[in-house]
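**Student:** pasting the sequence and the predicted coordinates here, then a few questions.
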Amino acid sequence: MFEEFNINQKDKIYLLFIVLFSTILVVHYIHFNDVIGISCSDVYVYLLNALYYTGTNINSTKFIYLSPVICFLTSLFFRFGFVDKLAIYIVTGAFAIFGNVGFYLLLKKYFDENLSLTGTVLFSSFTLYLTWLANGTLDIPATGIIIWIVLFTVIAIKENPKYYEYLIPLFVIGFFTRYTVILTLPACLLYYIFENGFKIRPEDLIHIKKGIKIAAIIAAIILAVVLIMSHNHFEATSQISNGIVGKTGSDTDPAFNPDPSYYLVNYPNFISNSHTVFEANPVLEYPTMLSWTIIAILLVGAGLWLYDNRLNPKKTDLISIVIILIAILSFTRVSSVFTTLLVLISFYLIGKDREHKTGLFMLAWILCNAIFLSYYQIKVNRYIIPTFPPFIYFILISIENIHKHVKINANLIPLILIVVFIIQAFAFTATFEPTSKYTSTKEMSDYIIENNPDYQDMLIGVYNIRPYSWWLGGNTTGIESDATDMIDQSNVTYYISNQKLDNLTNYTEIKNIDQLYLYEKINV
């Protein structure tokens, strides 16, 4: 199986370095995230889902459809007695290492060992990647699986069709890791059409059928488990259908952001930034010179590539231009699916009779994700991480073009980038503003537990049920802090608020921990 990876002795050394570097980096960020606390409330949902896989259901029935793969793997730690948030940090960190190894192997299909190593270090050291590394969120694990999906796609199409038997099941696993993995599928289909046309080759079909059978079994098992545990509730279907028909998200969501340029404008911060602050989500600010250097390399390399590859216009190019203009006009007006389809059609017309199919494939990889995410009005910076691998592909192409035109040592730019990005990888945690707001939820919960041995028999009201379901158990109930009348009329023994409440008549404040306020019912 592994001969298609074409691993030589130098590759083995570099792969060993990547594994060691990635492992040390993951351990570093697991420690950092352990000190910070769980900064994304979604992680509490995944932890509770993992607990449900062990047989303990705490408010998880409705959300068990979320990432069955990550949650199940985390539950294995729980089954061995390690019931801690570190379990999901370890699982998501392991996927990061897995993704880095796959990215090196993917880059080796197009570049030499030195550039492939450079690209892998860049990918694992971009500041947005580091912000979400090994903290229990799904975007980096999903991106790692996407990388392997693309690697198997390239091998299956260009070298060995047997890889369809691995590719299609892996896609299903990726889908049940994070459902947005499906966004990269159109780019992979475009690549197949580029290489083989619209008909499936007979030598491919036998392996595709085997892959579909294996994938169907995997999907059936996962779906059966999820449907049983959720009592036939599977909200992912409605979310996917909403994306297809063009629904763009609710303006009541705290991540609501109608600006379609959000990801593009902030991309320099995602490469390297000097200031990071926790708000509703981590906000990366003030791109560094390192970020602008990467962008400069990309622009110079692109200019040199255009100089070397003057395209001879064809009749179909005019059609492609018209389609692209329609796609631009349709953006945010019809549906992200419609816009993406137009872009893919134009790419096909441009690339079907030209040599630059891989570049169009990588650009399609970026746009299939970016169009949907920019159109969708719920925007969180981590969503854009799957565009990093193809973006880095273009950076490496740019470095190659610079080397063709500038007489410098071919290892100079890669070596400098490797060194400075490794430094950034470990120094980035210093850019975060100190905060204790993510540990205060546990501290408040510990206070209740320590002062009430029978706390599990009490009903505890909370402003946000996600973290307290994890720390306190199923005896929590959600009541918004603004609903003071509801709090006063409730029968909760304690109420935890994220704002000071001065107009409660039946409750008195007994504890204050970093802008969290604990109220106890009077005369309980």
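**Tutor:** Right, received. Where do you want to start?

**Student:** can we go C-alpha only for contacts and neighbour counts from here?
**Tutor:** Noted.

**Student:** span of stretch 306-316 from start to end?
**Tutor:** Taking CA to CA, to the nearest Å as the measure, stretch 306-316 stretches 20 Å from start to finish.

**Student:** neighbouring contacts of that stretch?
**Tutor:** 349-350 (CA atoms under 8 Å, 6 or more residues apart in numbering).

**Student:** quick one, strands of the protein?
**Tutor:** Ranges of strands in the chain, per DSSP state E, are 273-278, 282-287, 460-462, 476-478, 494-497, 507-513, 516-521.

**Student:** what pLDDT, on average, does the fourth one get?
**Tutor:** Strand 476-478 shows a mean pLDDT of 95.

**Student:** that one pairs with which strands?
**Tutor:** strand 460-462 (parallel) (DSSP bridges).

**Student:** can I get the strands of the chain in a markdown table with mean neighbour count and distance to residue 255?
**Tutor:** Shown next, in a markdown table, are the strands of the chain (neighbours: other CA atoms under 10 Å; distance: least, CA to CA, whole Å):
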| stretch | mean neighbour count | distance to residue 255 |
| --- | --- | --- |
| strand 273-278 | 18 | 14 |
| strand 282-287 | 18 | 12 |
| strand 460-462 | 25 | 21 |
| strand 476-478 | 20 | 20 |
| strand 494-497 | 25 | 21 |
| strand 507-513 | 16 | 26 |
| strand 516-521 | 20 | 22 |
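
**Student:** out of those, which gets nearest to residue 131?
**Tutor:** Judged by CA to CA, the one of the strands of the chain that comes nearest to residue 131 is strand 282-287, at 7.5 Å.

**Student:** residue 502: how many residues sit nearby?
**Tutor:** When counting by other CA atoms under 10 Å, one arrives at 10 neighbours for residue 502.

**Student:** so what's it up against?
**Tutor:** Contacts of residue 502 by CA under 8 Å, 6+ apart: none found.

**Student:** list the contacts of residue 11.
**Tutor:** Contacts here follow CA under 8 Å, 6+ apart; on that basis residue 11 touches residue 113.

**Student:** if I look at it, how far off is residue 406?
**Tutor:** 27 Å.

**Student:** how far away is residue 125 from residue 266?
**Tutor:** On the measure of CA to CA, residue 125 and residue 266 end up 17 Å apart.

**Student:** tell me how far the nearest residue to residue 67 once chain neighbours are set aside lies from residue 68.
**Tutor:** What sits nearest to residue 67 in space, not counting adjacent residues and going by CA to CA, 6 or more residues apart in numbering, is residue 177, at 4.6 Å. Here residue 177 is placed at a distance of 6 Å from residue 68 (CA to CA).

**Student:** go on, residue 183?
**Tutor:** Taking CA to CA, one finds residue 183 at 19 Å from residue 68.

**Student:** now residue 352
**Tutor:** Counting by CA to CA - residue 352 and residue 68 are separated by 39 Å.

**Student:** between those two, which one's more packed in?
**Tutor:** residue 68 (24 against 15).

**Student:** show me what contacts the more buried one?
**Tutor:** 176-177, 222, 226.

**Student:** can you check what pLDDT the model gives it?
**Tutor:** For residue 68, the pLDDT comes out at 97.

**Student:** distance check, residue 160 against residue 130.
**Tutor:** In terms of CA to CA, residue 160 sits 35 Å off from residue 130.

**Student:** over to residue 513?
**Tutor:** 29 Å.

**Student:** ditto for residue 396
**Tutor:** Taken as CA to CA, the span from residue 396 to residue 130 is 21 Å.

**Student:** please apply the same query to residue 474.
**Tutor:** From residue 474 over to residue 130 (counting by CA to CA), the distance is 33 Å.

**Student:** what do you get for residue 212?
**Tutor:** Taking CA to CA, one finds residue 212 at 35 Å from residue 130.

**Student:** low pLDDT regions in this protein?
**Tutor:** 1, 237-252, 311-313, 524 (pLDDT under 70).

**Student:** can you pull up the most central residue in it?
**Tutor:** When CA atoms, centre = their mean is applied to the chain, the residue found nearest the centroid is residue 139 (1.4 Å).

**Student:** can you pull the contacts of that one?
**Tutor:** Contacts of residue 139 (CA under 8 Å, 6+ apart): 132, 178, 382-383, 385-386.

**Student:** and the two most separated of the residues you listed?
**Tutor:** 132 and 178 (14.8 Å).

**Student:** quick one on the thing from earlier: contacting residues for the residue nearest to residue 67?
**Tutor:** For residue 177, the contact set (CA under 8 Å, 6+ apart) comprises 66-70, 138, 141-142.

**Student:** give me the neighbour count for residue 261.
**Tutor:** What residue 261 shows, counting by other CA under 10 Å, is a neighbour count of 10.

**Student:** isn't it up against residue 375?
**Tutor:** No - if you go by CA atoms under 8 Å, residue 261 and residue 375 don't touch, sitting 9.2 Å apart.

**Student:** not counting its own residues, what contacts stretch 25-41?
**Tutor:** 44, 86, 89-90, 93-94, 96-97, 130, 133-135, 137, 278, 281, 425-426, 429, 435-436, 438-439, 466-467.

**Student:** Produce a PyMOL select command limited to the buried residues of those residues.
**Tutor:** Filtering the contacts of stretch 25-41 down to the buried ones (16 or more other CA atoms under 10 Å) takes a single PyMOL command:
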select buried, resi 44+86+89+90+93+94+96+97+130+133+134+135+137+425+429+438+439+466+467
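
**Student:** how about the helices in the stretch 351-500 of the chain?
**Tutor:** For the stretch 351-500 of the chain, the helices defined by DSSP state H, counting those that start in this stretch occupy 357-375, 388-405, 412-427, 440-451, 465-472, 484-489.

**Student:** dump those to JSON lines, plus distance to residue 32.
**Tutor:** Output for those, formatted as JSON lines (distance: least, CA to CA, whole Å):
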{"stretch": "helix 357-375", "distance to residue 32": "29"}
{"stretch": "helix 388-405", "distance to residue 32": "23"}
{"stretch": "helix 412-427", "distance to residue 32": "11"}
{"stretch": "helix 440-451", "distance to residue 32": "16"}
{"stretch": "helix 465-472", "distance to residue 32": "19"}
{"stretch": "helix 484-489", "distance to residue 32": "36"}
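
**Student:** pull the contacting residues for the residue lying closest to residue 97 once chain neighbours are set aside.
**Tutor:** By the measure of CA to CA, 6+ apart, the closest residue to residue 97 outside its immediate chain neighbours is residue 22, 5.5 Å from it. For residue 22, the contact set (CA under 8 Å, 6+ apart) comprises 96-97, 100, 124.

**Student:** could I get those residues as JSON lines with distance to residue 59?
**Tutor:** Converted to JSON lines, the contacts of residue 22 look like this (distance: CA to CA, whole Å):
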{"residue": "96", "distance to residue 59": "29"}
{"residue": "97", "distance to residue 59": "32"}
{"residue": "100", "distance to residue 59": "35"}
{"residue": "124", "distance to residue 59": "35"}
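
**Student:** nearest to residue 495 among those?
**Tutor:** Closest approach between the contacts of residue 22 and residue 495, by CA to CA: residue 96, at 38.7 Å.

**Student:** mind checking how far that closest one is from residue 37?
**Tutor:** 20 Å.

**Student:** likewise residue 330?
**Tutor:** With CA to CA as the criterion, residue 330 and residue 37 are 42 Å apart.

**Student:** more neighbours, those two?
**Tutor:** Using other CA under 10 Å as the criterion, residue 330 and residue 37 rank with residue 37 on top: 19 against 16.

**Student:** and the gap between the more buried one and residue 438?
**Tutor:** Residue 37 is 5 Å from residue 438, by CA to CA.

**Student:** one more: residue 96?
**Tutor:** Residue 96 is 23 Å from residue 438, by CA to CA.

**Student:** and residue 72, by the same measure?
**Tutor:** Separation of residue 72 from residue 438 (CA to CA): 25 Å.

**Student:** swap in residue 479?
**Tutor:** Counting by CA to CA, the gap from residue 479 to residue 438 is 20 Å.
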